[in-house]
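Participant: got a structure for you, letters missing:
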Ligand code: PMP
């Protein structure tokens, strides 16, 4: 019995995705030329599967900030902040993130994944409770695993279900942290945040919103769904990532509670890993400034979102959400059809994402398109034309 034997089912799934042309999982990208163009399989394609919502990856001033930090401060920090020290940019970025929310505390983590691991496992421990939406991202589930708290799942986007679960905790609800996302990236749907706030307030619980996909996208200043819904005074923690709208890598947790600062002393994913490199910190600071002033970028992004939504809805496709957002999921009847769409799009010069079980909720097979402020109207027209062509040529009848 080999240690590798348990991977055979996964290997078979991967093999079943075909071998003609670029692989749909971990697709090899030959090169990236701009926020919206890359080379895949030897040809130039429109990048519509990259979560580069504000298109800042090639922004000149962001690159310049990274280059300057690289030459002034070196390639890496070579250690954790607790052991080896905190650079000026780590601290400045934390202050700037907290200030953007008007809050006293912010902590930067090395990835968004670690921000959830670090916040959940550090904030909530033995004898306490984590209440998480059933469609939560893996980083939220893994944060629960790392925590000593009891994890309780509630039905996706269902405040009544959360209400019942908190009611069962009685007085203990004051030791419960509820975790929801500002935008669920598989189906592209949003939570009924005001209802969740009402429920957690009634039970005296705490609320953390992971705005990984909604930061930079929603709200006047781009702070996320919580800002857009006017609920910044009602939440306890916001987690986000630098890897989408901020075009870098890293993550953060901010809070109106100054005591968040103490999390640094207790959070293993914060303490026991190397801190983000100087170039990443400098680039992210610049990208954050652009994001906060990014009303025009958001206007362009939402123009693109609405354009694509209207066109795809008119084709009669079933979508993951009726709330237009930066990720659009087209639900296809089976894996073969989803794969045919993914390959068909690539053949027509558009790179999107194939999402299949076990990564997807409810065993759905999805074609996921993510949009950017950097896409031009022509780009969207090309994506629409490719989808229309596929709509006419690929059967949508399930093949089993
Ligand atoms: N939270 C959510 C909701 C996410 O979708 C992701 C990644 N897609 C993360 C956290 C982790 O962020 P990162 O990839 O930047 O580590």
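Facilitator: On my side now, so go ahead. Not measured: the values here are computed from a predicted model.
Participant: Run through the helices of the stretch 51-200 of the chain in chain order.
Facilitator: The residue ranges that make up the helices of the stretch 51-200 of the chain, judged by DSSP state H, counting those that start in this stretch, are 60-73, 81-84, 88-101, 112-123, 138-146, 159-169, 193-203.
Participant: Can you say which of these is nearest to the ligand?
Facilitator: Proximity to the ligand, assessed across those by CB to the nearest ligand atom, is greatest for helix 112-123 (2.4 Å). For glycine as for every other residue, the C-beta is placed from the backbone atoms N, C-alpha and C.
Participant: what about the closest one, near the ligand?
Facilitator: Yes: under the criterion of CB under 6 Å from any ligand atom, the ligand is reached by helix 112-123 at 112, 113, 116.
Participant: of all the residues you listed, which comes closest to residue 208?
Facilitator: Nearest to residue 208, judged by CB to CB, of the residues of helix 112-123 next to the ligand is residue 116 at 8.8 Å.
Participant: which non-adjacent residue is nearest that closest one?
Facilitator: residue 139 (3.9 Å; CB to CB, 6 or more residues apart in numbering).
Participant: which among the residues of helix 112-123 next to the ligand gets closest to residue 244?
Facilitator: Nearest to residue 244 among the residues of helix 112-123 next to the ligand, with distances taken as CB to CB, is residue 112, at 8.1 Å.
Participant: how many neighbours does that closest one have?
Facilitator: When neighbours are counted by other CB atoms under 10 Å, residue 112 registers 24.
Participant: Touching, it and residue 139? I think so.
Facilitator: Yes: applying CB atoms under 8 Å, one finds residue 112 in contact with residue 139, separated by 6.8 Å.
Participant: if we can go back for a sec, who touches the residue nearest to residue 116 in this structure?
Facilitator: Residue 139 makes contact with 112, 113, 114, 115, 116, 117 under the criterion CB atoms under 8 Å, 6 or more residues apart in numbering.
Participant: Dump those into JSON lines; add pLDDT as well.
Facilitator: Converted to JSON lines, the contacts of residue 139 look like this (pLDDT from 0 to 100):
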{"residue": "112", "pLDDT": "98"}
{"residue": "113", "pLDDT": "98"}
{"residue": "114", "pLDDT": "98"}
{"residue": "115", "pLDDT": "98"}
{"residue": "116", "pLDDT": "98"}
{"residue": "117", "pLDDT": "98"}
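Participant: any idea how far residue 14 lies from the ligand?
Facilitator: Spatial separation of residue 14 from the ligand under the definition CB to the nearest ligand atom, to the nearest Å is 21 Å.
Participant: Which positions within stretch 139-158 qualify as buried?
Facilitator: Within stretch 139-158, the residues scored as buried using 16 or more other CB atoms under 10 Å are 139-144, 146-147, 149-154, 156-158.
Participant: err, stretch 226-242, not the other one
Facilitator: When burial is assessed from 16+ other CB under 10 Å, stretch 226-242 yields the following buried residues: 226-229, 231-232, 234-242.
Participant: ok but residue 367 is inside a helix, no?
Facilitator: No: under the criterion used here (DSSP: H, G, I helix; E, B strand; the rest coil), residue 367 is strand, not part of a helix.
Participant: Could you report the pLDDT at it?
Facilitator: The predicted structure scores residue 367 at 98 on the pLDDT scale.
Participant: beta partners for it?
Facilitator: Partner residues in beta bridges with residue 367, using DSSP bridges, are residue 330, residue 354.
Participant: List the contacts of residue 223.
Facilitator: 100, 101, 211, 215, 232, 238.
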